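In: Below: sequence and its predicted model.
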Amino acid sequence: MLVVPKPDTLTQPYWDVARAGKLLLQRCVQCGHTWHPPLPICPTCHAANYEWRASSGRGTVYSCTIIHQAAHVAAQGRTPYLVALVTLAEGPRVVANILNCAMDDVRIGMGVALTFQEIAPGVVLPQFEPAPG
């Protein structure tokens with residue numbers, strides 16, 4: 001069973017641009033805070049005035065774990081898999097997978113670069129892979 005995100009009015013711009021190979025972040029016009037995932041108001045000052053900005057795609061693995069037991073029916077038969085918390089160059093942290101890398105090679109502090117993975121027709125998720133060099 002594949003569970004895919006369901007875009008709504010707030011998140012539609014995010015998903016549209018992800019299909020084009022870009023990661024959008026929200027930035028508060030009032031206080032300058034940048035965040036992810038999409039929210040209707042700034043989590044810092046609670047202003048509802050934000051803009052969408054493209055991420056540079058650079059990040060660092062902040063934390064990671066290898067999942068050995070499926071906690072959701074959608075993950076059954078897919079274990080083991082690695083989940084990482086990546087700190088983006090812009091500041092927010094995102095949950096993603098690290099692709100094109102053996103799970104045992106992923107380390108905290110490792111530089112990563114944005115990539116995208118189509119998980120269903122028209123549904124593209126931002127993921128990461130080891131940064132070049």
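Out: In hand now; what should we look at? Numbers count the residues shown, from 1 in each chain.
In: any idea how far the residue located most distally from the centre of the chain lies from Ala74?
Out: Computed with Cα atoms, centre = their mean, the residue of the chain farthest from its C-alpha average is Gln30, at 24.2 Å. From Gln30 across to Ala74, the span is 37 Å (Cβ to Cβ, to the nearest Å). In short, each C-beta sits where N, CA and C put it, glycine included.
In: Cys31 too?
Out: From Cys31 to Ala74 the distance is 36 Å (Cβ to Cβ).
In: Could you list every helix and strand that whatever helix or strand Phe128 lives in packs against?
Out: Using DSSP states H and E, Phe128 falls within strand 123-130. Here strand 123-130 touches helix 12-19, strand 93-96, strand 111-120, going by 3 or more Cβ pairs under 8 Å, 6 or more residues apart in numbering; DSSP states H and E.
In: Strand 111-120 and that one, what's the angle between them?
Out: Orientation check (axes from the mean of the first three to the mean of the last three Cα atoms, to 10 degrees): strand 123-130 against strand 111-120 gives 150 degrees.
In: ok, residues contacting strand 123-130?
Out: Applying Cβ atoms under 8 Å, 6 or more residues apart in numbering, the contact partners of strand 123-130 are 4-5, 15, 18-19, 21, 23, 59, 84, 86, 94, 96-101, 105, 110-119.
In: in the protein, what spans have low per-residue confidence?
Out: Confidence mapping of the chain against pLDDT under 70 gives the ranges 1-2.
In: Can you tell me the centre-most residue of it?
Out: Centre-most residue of the chain, counting by Cα atoms, centre = their mean: Val94, 4.3 Å.
In: Name whatever forms a beta bridge with that residue.
Out: Val86 (DSSP bridges).
In: so it touches Ser63, yeah?
Out: No: taking contacts as Cβ atoms under 8 Å, Val94 lies outside contact range of Ser63: 11.8 Å.
In: where do the contact lists of these two overlap?
Out: Both Val94 and Ser63 are in contact with Leu85, where contact means Cβ under 8 Å, 6+ apart.
In: list the contacts for Leu114?
Out: Here Leu114 is in contact with Leu23, Ser55, Gly57, Arg58, Gly59, Pro126, Gln127, Phe128 (criterion: Cβ under 8 Å, 6+ apart).
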